[in-house]
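Enquirer: Okay, sequence plus prediction incoming.
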Amino acid sequence: MLKGTFPVEKFKLLPTPFYYYDMKLLQDTLDVVKAESGKYGYHVHYAIKANANPRILSMIAANGLGADCVSGGEVQAALDAGFPADKIVFAGVGKADWEINLGLDNDIFCFNVESAAELEVINELAAAKGKVAPVALRVNPEVDAHTHAKITTGMKENKFGINLSQLGSVLDQLKGMRNVRLIGIHSHIGSQITDMSGFRNLAIRMNEIQDDLAARGIVVENINLGGGLGIDYYHPNHMPIPAFDNYFAAVHKLLQPRPGQRIHFEPGRSIVAQCGSLIARVLYVKEGEMKKFAILDAGFTELIRPAMYDAYHRIENISSDEPVDVYDVVGPICESSDVFGKDIELNKTHRGDWIAIRSAGAYGEVMASRYNCRSLPKAYYSDTI
């Protein structure tokens, strides 16, 4: 059974469960992102919601990327990690006043505005500070991302963004506002998208929106197409870096930017997912009447994606080379949904074996909880253990 390479002897000094990050793979991924986006002069902002680990953020900032934030806490985390304020974009349907004020006080690049009501509040708060807030209107483009229903964001039934039918009235509303300045149009259609047709359709829709703006005499400085590029959860060893070349090329082929416009993207998962693994140990192998259970010391408190989204992660026994057997891999949490995978082929597994749950660098550590009064997992790095 093909497995990833992990320093198991070094792991023996560390308390499980924990997150392990391959920092070389992260750097290799960032190098590809910069090279492929650089072909077209695109601007990339890392979506902090995927992983807010300070060490991860610092490396991404040091590579010159901007930050895409969806809370005041993320804006502060971006600033603390070294992201320049003029590369920080701030989205989210429910920005509290203090969060907006944080962005205003630090002169961030842009607020991605998701409703007419939010636009009014930003205008009021900016006026109180004697400032003019740069805003991009997040538009629901009515593009199907062909992804999981819980991570689709670009349809009119979703809570995000301004529906196309409402865009005209919001543009009219802007005319009477002195403390906001329209600098862009933004869209984000979803996450874990592996079918490039969604991105192609978004580029076409953006062209149509730009034509509508031009008819009103409006040309914006920035077009932001969000993120959403997926990864290969089934083959992390063969496909450690997503197809950024196809992603950026698909948009470049169809998008028709106006002269001087800057094009922005907000990838998250595709940058960090493959570099992270959740490392756990086997507490028990339970022989049921119909199943064998490999019971780990990690549960959905450490990685909630399988329980929340029925998500697949490749699971490997990295300390056994015995013949393969079949197990349900589960955690210790007092919930029936605490299952990482059913009917999983693992090298024969025993108490104390080391298990790697792969492709967990995105929406893993950042979504960990203390349910059942458990401790939050620690993180370790390939270049420091």
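Expert: Thanks, I have it.
Enquirer: end to end, how far does stretch 270-280 reach?
Expert: Start and end residues of stretch 270-280 are separated by 24 Å (C-alpha to C-alpha, to the nearest Å).
Enquirer: Tell me who's in contact with A243.
Expert: L229 (C-beta atoms under 8 Å, 6 or more residues apart in numbering). (Each C-beta comes from the backbone N, C-alpha and C, glycine too.)
Enquirer: And it, what's its pLDDT?
Expert: Looking at A243, its pLDDT is 96.
Enquirer: what separates it from L164, distance-wise?
Expert: 29 Å (C-beta to C-beta, to the nearest Å).
Enquirer: do R370 as well
Expert: From R370 over to L164 the distance is 42 Å, taken as C-beta to C-beta.
Enquirer: Same check on A128?
Expert: Here A128 is placed at a distance of 32 Å from L164 (C-beta to C-beta).
Enquirer: check contacts around the closest residue to D383 other than its chain neighbours.
Expert: Counting by C-beta to C-beta, 6 or more residues apart in numbering, D383 lies nearest to M23, which is 4.8 Å off, once chain neighbours are set aside. Listed by C-beta under 8 Å, 6+ apart, the contact set of M23 reads M59, C275, Y381, S382, D383.
Enquirer: I figured the last one hits K24, correct?
Expert: Yes. Counting by C-beta atoms under 8 Å, D383 does reach K24; the two are 7.5 Å apart.
Enquirer: Can you give me the neighbour number for the closest residue to D105 other than its chain neighbours?
Expert: Counting by C-beta to C-beta, 6+ apart, D105 lies nearest to K129, which is 7.6 Å off, once chain neighbours are set aside. For K129, the neighbour count with other C-beta atoms under 10 Å is 12.
Enquirer: Could you verify my assumption that K129 touches G103?
Expert: No. Taking contacts as C-beta under 8 Å, K129 lies outside contact range of G103: 10.9 Å.
Enquirer: Common neighbours of these two, please.
Expert: When C-beta under 8 Å, 6+ apart defines a contact, no residue borders K129 and G103 alike.
Enquirer: count of neighbours near the residue nearest to A311 when sequence neighbours are not counted?
Expert: Distances taken as C-beta to C-beta, 6+ apart place R305 nearest to A311, at 4.0 Å, with adjacent residues excluded. If you count neighbours by other C-beta under 10 Å, R305 ends up with 20.
Enquirer: show me the contacts for R305.
Expert: Counting by C-beta under 8 Å, 6+ apart, R305 touches A311, H313, A360, Y363, G364, M367.
Enquirer: of all these, which comes closest to L202?
Expert: Relative to L202, the closest of these is Y363; by C-beta to C-beta it sits at 22.0 Å.
Enquirer: where does the nearest residue to the closest one once chain neighbours are set aside land on pLDDT?
Expert: Nearest residue to Y363 in three dimensions, chain neighbours excluded: R305, at 5.7 Å (C-beta to C-beta, 6+ apart). As predicted, R305 sits at a pLDDT of 98.
Enquirer: Ok, the one 3 residues further on next?
Expert: Predicted confidence (pLDDT) at M308: the value is 95.
Enquirer: May I have the phi/psi pair for it?
Expert: When read as degrees, to the nearest 10, the backbone of M308 gives phi -80, psi -40.
Enquirer: okay, now it: neighbour count?
Expert: 13.
Enquirer: Next, work out how far apart it and Y363 are.
Expert: M308 is 9 Å from Y363, by C-beta to C-beta.
Enquirer: Repeat that for N347.
Expert: N347 is 27 Å from Y363, where distance means C-beta to C-beta.
Enquirer: the more surrounded of these two?
Expert: In terms of neighbours (other C-beta under 10 Å), Y363 is the more surrounded of N347 and Y363; the figures are 24 against 17.
Enquirer: Am I right that the more buried one is in a strand?
Expert: No. Judged by DSSP: H, G, I helix; E, B strand; the rest coil, Y363 forms no part of a strand; its state is coil.
Enquirer: What pLDDT is listed against it?
Expert: The model's pLDDT for Y363 equals 98.
Enquirer: That one against R269, yeah?
Expert: Yes. Here Y363 reaches R269: they are 7.0 Å apart, a contact under C-beta under 8 Å.
Enquirer: got any residues that touch both of those two?
Expert: Residues touching both Y363 and R269 (C-beta under 8 Å, 6+ apart): A50.
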